[in-house]
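Enquirer: Build me a structure from this.
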Amino acid sequence: MIRILKLNLIKTFLLLSFVALFIFLISCQEKLPLNKDLTKRSYAFLNQDSIDVNFPEIIKDKITVMGFIYTHCPDICPMTTHNMALAEEKLHGQGIEDVLFVALSFDPERDTPEVLRKFAEIRDIKFDNWIFLTGDETTTKDLLKRFDVRAIPTDSTFFEDGTNSYSIMHTDRISLINNKGILKKNYKGSTINIEELITDIKYIGE
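Expert: Next up, the predicted model:
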């Protein structure tokens, strides 16, 4: 009788342990729902200093917050960049200094390294933990696809001097990448909950 009770207790314990593990795994998946390896392909870009850099080499061994922008954007992109800067400021206030912030332009025709640097400097962004990227159109589009980001030029106007003015309809996106180069979560860049982002950064940094 005692032996049967012990066996039943063991079975109950194992069952409860399995249920607890299942719930834990499900909650982790909900918290960080993505698991996309970004290290399988290599991309050549220029940073804000016109230096050749490689993605994903630049994010190697770093938790990375990556935003997708273009500098002529009138609303969403400045808000996205501002939210990334706020997240960096809050992390700095909590003594977390090892998170990298990357902004990729999907308008390489106009967003030269010099333009990106000026865009950052106007916003008092320091380059200790920031990298702005621009590259050729094919490379940029290919990397955007990896992140499932869309960027479609609209409302194109040519002026007498030959310049082309246009807007870009695009995905509103900030992405969180762990230190193994794995895309873990996407957020709406212009309206992101910064505390949620910081909580997720701490979670994957544990």
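
Enquirer: ok now stretch 46-53, how far from the chain's centre?
Expert: From the chain centre to the centre of stretch 46-53 is a distance of 19 Å (CA atoms, centre = their mean, to the nearest Å).

Enquirer: and it, what's its mean pLDDT?
Expert: Mean pLDDT, stretch 46-53: 98.

Enquirer: sec struct for Asn186, please.
Expert: Asn186 carries the three-state label strand when classified by DSSP: H, G, I helix; E, B strand; the rest coil.

Enquirer: Please report how far it lies from Phe68.
Expert: Counting by CB to CB, to the nearest Å, the gap from Asn186 to Phe68 is 10 Å. Using the backbone N, CA and C atoms, a C-beta is placed for each residue, glycine as well.

Enquirer: Then His82?
Expert: Separation of His82 from Phe68 (CB to CB) stands at 14 Å.

Enquirer: What residues does Lys126 make contact with?
Expert: By CB atoms under 8 Å, 6 or more residues apart in numbering, no residues touch Lys126.

Enquirer: And it, how far from Glu89?
Expert: Counting by CB to CB - Lys126 and Glu89 are separated by 11 Å.

Enquirer: same question, His72
Expert: The gap separating His72 from Glu89 is 25 Å, by CB to CB.

Enquirer: When these two are compared, which one has more neighbours?
Expert: A count of neighbours by other CB atoms under 10 Å puts His72 above the other of His72 and Glu89, at 16 against 10.

Enquirer: for that one, helix, strand, or coil?
Expert: coil.

Enquirer: before we move on, what about Asn54?
Expert: From three-state DSSP, the assignment for Asn54 is strand.

Enquirer: just checking, it touches Asn47?
Expert: No - counting by CB atoms under 8 Å, Asn54 does not reach Asn47; the two are 10.5 Å apart.

Enquirer: who has more neighbours, those two?
Expert: Asn47 (19 against 12).

Enquirer: contacts for stretch 113-124?
Expert: Taking CB under 8 Å, 6+ apart as the rule, stretch 113-124 contacts 46-50, 71, 81-82, 85, 103, 105, 111, 127, 130, 132-134.
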